[in-house]
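>>> Build me a model from this:
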Amino acid sequence: MRGAAPRSSRVSRERNDINMHSRRNFLAAGAAACGGAVLGPEGATPRAQADAPRQERPRIVTIGLVQLRCEPSTERNLDRAIELIGKAAKAGAQLVVLPELFRTPYFCRAGCPLDQPPADDLLKAIADAKRDYAISMDGPVTERLSKAAAENEVVLVGGSSFEIEKTPAGEHYFNTSPVFDADGKLLGTYRKTHIPHDEGFWEQHYFEPGDRGFPVFDTAVGIVAVQICYDQWFPEGARLAALAGAEFLVYPTAIGDVDEIKSPGEGNWREMWTTAQAGHAVCNHLFVAAANRVGREGRTAFWGGSFVADPCGRVISRGGAAEEVLLASCDLSLIETMREWRFLEERRPERYSRLDQPAARVPDRSRELL
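Purely as a prediction, here's the structure:
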């Protein structure tokens, strides 16, 4: 524990300091520190949006996570997602989150290592995915999600979609999540930053790394940060979200077990997945929510298990292995309570210069175990 002073005296002594770090000040100073933007009703307005007046926000917010089984039909998947958004809203959800790539099958199962030339059938699979699944973020899918948010009066994190951006330099493809306020207004998008490339998750064939940093969104229920699936293994993104004032960090996700690839020495990936994100919640004083898909697609069994962790790292709601809507009630006063521990204020960023350096090579000691 920190220091010898009793918690009660420490809280009393630091109360004035803590009050100086209100959510608004976190937004202004934190966004400046990390180069982030606060995206609100007027669009991408870096930092200044933090001071814009909003109606009084609720202090207890109900999150609804849509755990979806994805079919080959993009239309049926979209219809089902919108149906479940309505179901979540009727159950009391104010912030609803869809899974990663919820409109499509998980097409990134087709791939090969980057140091191998792709075979003709793989090149065809990549071209087919771009033709069949890539969409513009200003098209009919976004319109339908916007309408669903407005009709149900919920803040909506629209999972993610395979985005195509056409520029004079050519076409670019991203894994992109749109965020809508409770009136249906598109507040902005987040493009997945960390792109995996492993057996069953060959995403670097399909997506470029996101190029817009780690924005947060000023919504009717609070400050929401969105990151996508593989981003959850990187603590830097979670910390940048917290520095920009995030109260909720949500991860649309597509994760599961791929047949016959688990190494004997590895632990339980589902437990590791939960533990890593619960750690982000504790270290950054925010609520973390992950919405996963379910069902078997080829060799991959998506395990569901969507969950919400509070700022103490407690999993307050967890889904099973079937399609469902998962609800969790989040008391935002717990964020303020945990911020009394001052994890963000007592950082020493001047000592972190090596964070932008390549990782040291870890020796291979596997032979020593034989």
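
>>> starting at the chain centroid, how far to stretch 155-168?
Put simply, stretch 155-168 sits 14 Å off its chain's centre (C-alpha atoms, centre = their mean, to the nearest Å).

>>> Show me what counts as buried in it.
V155, L156, V157, G158, G159, S160, S161, F162, E163, I164, E165 (16 or more other C-beta atoms under 10 Å). (Glycine included, C-beta is placed from N, CA and C.)

>>> Which residue comes closest to W233 once chain neighbours are left out?
A276 (6.2 Å; C-beta to C-beta, 6 or more residues apart in numbering).

>>> Now do the buried residues in stretch 169-187.
So, applying 16+ other C-beta under 10 Å, buried residues of stretch 169-187: 173-182, 184-187.

>>> Kindly reformat the buried residues of stretch 155-168 as JSON lines containing distance to A289.
Shown next, in JSON lines, are those (distance: C-beta to C-beta, whole Å):
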{"residue": "V155", "distance to A289": "12"}
{"residue": "L156", "distance to A289": "13"}
{"residue": "V157", "distance to A289": "9"}
{"residue": "G158", "distance to A289": "14"}
{"residue": "G159", "distance to A289": "13"}
{"residue": "S160", "distance to A289": "14"}
{"residue": "S161", "distance to A289": "19"}
{"residue": "F162", "distance to A289": "22"}
{"residue": "E163", "distance to A289": "22"}
{"residue": "I164", "distance to A289": "28"}
{"residue": "E165", "distance to A289": "27"}
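
>>> and the two most separated of these?
V155 and I164 (25.9 Å; C-beta to C-beta).

>>> isn't I135 right up against I164?
Yes - at 6.7 Å, I135 counts as touching I164 under the criterion of C-beta atoms under 8 Å.

>>> Which stretches in the stretch 51-200 of the chain count as strands?
60-69, 95-97, 155-157, 161-167, 170-180, 186-191 (DSSP state E, counting those that start in this stretch).

>>> Show the contacting residues for the residue nearest to G295 when sequence neighbours are not counted.
For G295, ignoring the flanking residues on the chain, the nearest one in space by C-beta to C-beta, 6+ apart is R69 at 4.2 Å. The contact partners of R69, by C-beta atoms under 8 Å, 6 or more residues apart in numbering, come to R293, V294, G295, A322, E323.

>>> do that again at 10 Å, thanks
77, 80, 99, 293-297, 302, 304, 322-324 (C-beta atoms under 10 Å, 6 or more residues apart in numbering).

>>> Could you identify the most distant pair in those residues?
E297 and E324 (18.1 Å).

>>> give me the number of residues near D231?
D231 has 24 neighbouring residues, counting by other C-beta atoms under 10 Å.

>>> whoops, I mixed them up, C283
Neighbours of C283 (other C-beta under 10 Å): 18.

>>> was I right about it contacting A241?
No - applying C-beta atoms under 10 Å, one finds C283 not in contact with A241, separated by 11.5 Å.

>>> Let me see the ranges of the helices in the stretch 1-150 of the chain.
Here the stretch 1-150 of the chain has its helices, by DSSP state H, counting those that start in this stretch, at 7-20, 23-34, 74-90, 120-133, 140-152.
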